[in-house]
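**Student:** Predicted model and sequence below, questions to follow.
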Amino acid sequence: MERENANMKDFERYLDFTELGPGQVVEATVTGVDPAEGLSVDFGGKQEGRIQPSELVRETSSYRVGEKITAQILKINDEEGYAVLSELRPYRRIAERKVKEAKDSGTPVKGQFVQQVSGGYIVRLFNVLDAFLPGSESLLRRDAEIPQGEHEFLVIDYISGRRGRIVVSRKALIERQVQSFFDSHKVGDVVDAKVERVRSSGAILKIGPLTATLPREEVSHDPSVSIHDALKEGESVKVKIVKLDPAQRTIEVSLKALEPDPWQTAAEKYKVGTIVQGVVKNIAPFGVFVNLEPGLDGLIHVSEIFWGSKKVDLKKFFKPGQVVQAEVVEVDPEKRRLALSYKRAQGDPWESVTERYKEGDIVEGTILKILPTGLIVEIEDGVTGLVPKSELSWNKVSDPSKLFRERQSLKMKILSIDSQNRRMRLSVKQTMPDPWEKAAESLKEGSVAQAIVKAKLNSGYVLQLKDFSVEAFMPSSHAPEDMKEGTQIEVLVLRIIPERRKILVSQKKLEELRDYEEYKKQMGGSQKTLGDLLKK
């Protein structure tokens, strides 16, 4: 019984073989590969199937034993015991059907450039159909190299049959893709892009069929980030669209737009009045830029560096990379501006001035400004005081600029401190002994003193007594001749008024006295006393 069933199956298989004939399309399994002869296949018939290389869709060497393919029976040679098949013919019909469907539906097809011909290029579709690509539809320069690999095209013309033709276009496809991109995207969208070129000014990226620009300033919120470190040619990145112009077909994208913007939280994070720490980034004549975090810099204006109004070279006090503390003065996220104060972070020196200075202390300072009424002197940064003209010297000072110069260092005595009104009264002369005390002890009426002419007045001369550093006055009637400033003379003290700090002297009386003394020597006696001479 089993044998009968087996015979029946063999008979049915034989009947199936006889049903296969030329023209039929079958599924065949590759049983052998010969690069010169082609393929041997099992197509379900009683004969071996053979497919010549010219009837294959691919290169013969690309097939593998056991691979299944679709083929059409061309001829069965019972005498030779084999059948001739073709993979190309059914595949071509399928390809033609796909091309027609692509033409009708507008679906892109894939193909490869074969060669350049007059007026355009030959493109092979589905490995079996040759199509013509006009040069005007290729988006290629005539002298450009033929692109390698597989590309997509739109079928813009198709006529079937032996005299049929297929015309394709890259330009139409790209234009459709471009339009589709602009129709389906908007500012703010995040898209994938490929970096084509990186320059110091920015980068060129490819987004599908479109070229986009990424300006240098759109790389990162942190300006110190190098564009060459952030982007590498050939890599794929995600970017956000920040500008889109369908009319001009232009796109501008941004990397930093994908990062959190530090200015969005700046007002909350850096409240006015708080002390913050940052790194000196840049030093300008008008102030110092301090980086608080990547992409967020603050400015310490020059007016917020020192409590005083002195002009200094900021580069002598700050260096790039230096860590500093500052107080937040203003935060404006919309204008992306953050103002800082270095001096406020150090503290107002007037708030604790009485802890460092007391009335009567001798201090050193620098002259900031010379006024007709005295000197403005800086004791420390932000702490200044006034030296009134009356406290400049024990002698009368008519023009302080003749005795002092700006930036000159001085020792002074603190006379008073008013921290509430930020005032300090100082004295230069009180750092030295009062020369009038010595003069009052050493000089008396009739004393002879060395003097230097300081100034000429309408009524006489102001003299400086050399050994006492005090001034004396000599009326014009007591000066023998017109004297110039700087002239050294000897004078006779006529009167001393200590309470008014005045000394009256005479050169003429001294000469008369000496003449009289000489006369006495010659006469051998005295007729007049010194008091008589002084009363004249």
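**Tutor:** Done, it's in.
**Student:** Quick check: neighbours of the host helix or strand of Leu154 in the sheet, parallel or antiparallel?
**Tutor:** Per DSSP states H and E, Leu154 falls inside strand 150-159. Strands that pair with strand 150-159, judged by DSSP bridges, come out as strand 109-117 (antiparallel), strand 165-169 (antiparallel).
**Student:** Need those in a markdown table (columns: mean neighbour count).
**Tutor:** Yep, even glycine has a C-beta here, placed from its N, CA and C like the rest. Formatted as a markdown table, these follow (neighbours: other C-beta atoms under 10 Å):
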| stretch | mean neighbour count |
| --- | --- |
| strand 109-117 | 16 |
| strand 165-169 | 22 |
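**Student:** In a markdown table, list those along with mean pLDDT and distance to Lys46.
**Tutor:** As requested, the strands paired with strand 150-159 are exported to a markdown table (pLDDT from 0 to 100; distance: least, C-beta to C-beta, whole Å):
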| stretch | mean pLDDT | distance to Lys46 |
| --- | --- | --- |
| strand 109-117 | 93 | 39 |
| strand 165-169 | 93 | 39 |
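**Student:** how about a markdown table for the ones you listed, with distance to Lys316 added?
**Tutor:** Compiled in a markdown table, the strands paired with strand 150-159 are given as follows (distance: least, C-beta to C-beta, whole Å):
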| stretch | distance to Lys316 |
| --- | --- |
| strand 109-117 | 68 |
| strand 165-169 | 70 |
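**Student:** After the helix or strand of the chain with the lowest mean pLDDT, which helix or strand is next?
**Tutor:** Using mean pLDDT, DSSP states H and E, helix 2-19 stands out as the lowest-scoring helix or strand of the chain, at a mean of 45. Note on helix 2-19: by DSSP H and E, the next helix or strand toward the C-terminus is strand 25-34.
**Student:** mind listing what that next one pairs with, with the direction of each?
**Tutor:** Sheet pairing for strand 25-34, using DSSP bridges, gives strand 38-42 (antiparallel), strand 68-77 (antiparallel).
**Student:** tell me which residues in the first one are buried?
**Tutor:** In this case it means strand 38-42. Gly38, Leu39, Ser40, Val41, Asp42 (16 or more other C-beta atoms under 10 Å).
**Student:** which residues in the stretch 51-200 of the chain form helices?
**Tutor:** Secondary structure of the stretch 51-200 of the chain (DSSP state H, counting those that start in this stretch): helices located at 88-105, 171-184.
**Student:** For these, give me TSV that also has mean neighbour count.
**Tutor:** What follows is these, written out as TSV (neighbours: other C-beta under 10 Å):
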stretch	mean neighbour count
helix 88-105	16
helix 171-184	15
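**Student:** and which of the buried residues of strand 38-42 is nearest Lys315?
**Tutor:** Each of the buried residues of strand 38-42 was checked against Lys315 using C-beta to C-beta; the closest is Leu39, at 82.6 Å.
**Student:** Would you check that the closest one makes contact with Val33?
**Tutor:** Yes: counting by C-beta atoms under 8 Å, Leu39 touches Val33, with 6.0 Å between them.
**Student:** what sits in contact with each of those two?
**Tutor:** Common neighbours of Leu39 and Val33, using C-beta atoms under 8 Å, 6 or more residues apart in numbering, are Thr60, Tyr63.
**Student:** Give me the distance between the spatially most central residue of the chain and Pro35.
**Tutor:** Centroid check for the chain by C-alpha atoms, centre = their mean gives Pro223 as the closest residue, at 4.3 Å. Pro223 sits 62 Å away from Pro35, going by C-beta to C-beta, to the nearest Å.
**Student:** Going by neighbour count, which residues of the strand holding Leu154 are buried?
**Tutor:** By neighbour count with 16+ other C-beta under 10 Å, strand 150-159 contains the buried residues His151, Phe153, Leu154, Val155, Ile156, Tyr158.
**Student:** same question, stretch 212-228
**Tutor:** Buried residues in stretch 212-228, defined by neighbour count with 16+ other C-beta under 10 Å: Ala212, Leu214, Glu218, Val219, Ser220, His221, Ile227.
**Student:** Pull the contacting residues for the third one.
**Tutor:** For Glu218, the set of contacting residues under the criterion of C-beta under 8 Å, 6+ apart consists of Gly202, Val242, Glu252, Val253, Ser254, Leu255, Lys256, Ala257.
**Student:** and the fifth one, what is it in contact with?
**Tutor:** I take that to be Ser254. Counting by C-beta under 8 Å, 6+ apart, Ser254 makes contact with Leu214, Glu218, Val239, Lys240, Val242.
**Student:** Which strand residues bridge it?
**Tutor:** Beta-bridge partners recorded for Ser254 (DSSP bridges): Lys240.
**Student:** again, but for the first one
**Tutor:** Gly202 forms beta bridges with Arg199, Pro215, as assigned by DSSP bridges.
**Student:** now it: how far from Ile227?
**Tutor:** In terms of C-beta to C-beta, Gly202 sits 7 Å off from Ile227.
**Student:** quick revisit: which of the buried residues of strand 150-159 sits closest to Lys369?
**Tutor:** Closest approach between the buried residues of strand 150-159 and Lys369, by C-beta to C-beta: His151, at 80.0 Å.
**Student:** Give the bridge partners for that closest one, please.
**Tutor:** In this structure, His151 bridges to Gly111 when assessed by DSSP bridges.
**Student:** Contact partners for it?
**Tutor:** Lys110, Gly111, Gln112, Phe113, Val123, Arg170.
**Student:** Next: Pro209.
**Tutor:** Per C-beta under 8 Å, 6+ apart, neighbours of Pro209: Ile174, Gln177, Val178, Phe181.
**Student:** go with 6 Å
**Tutor:** By C-beta atoms under 6 Å, 6 or more residues apart in numbering, the residues touching Pro209 are Ile174, Gln177, Val178.
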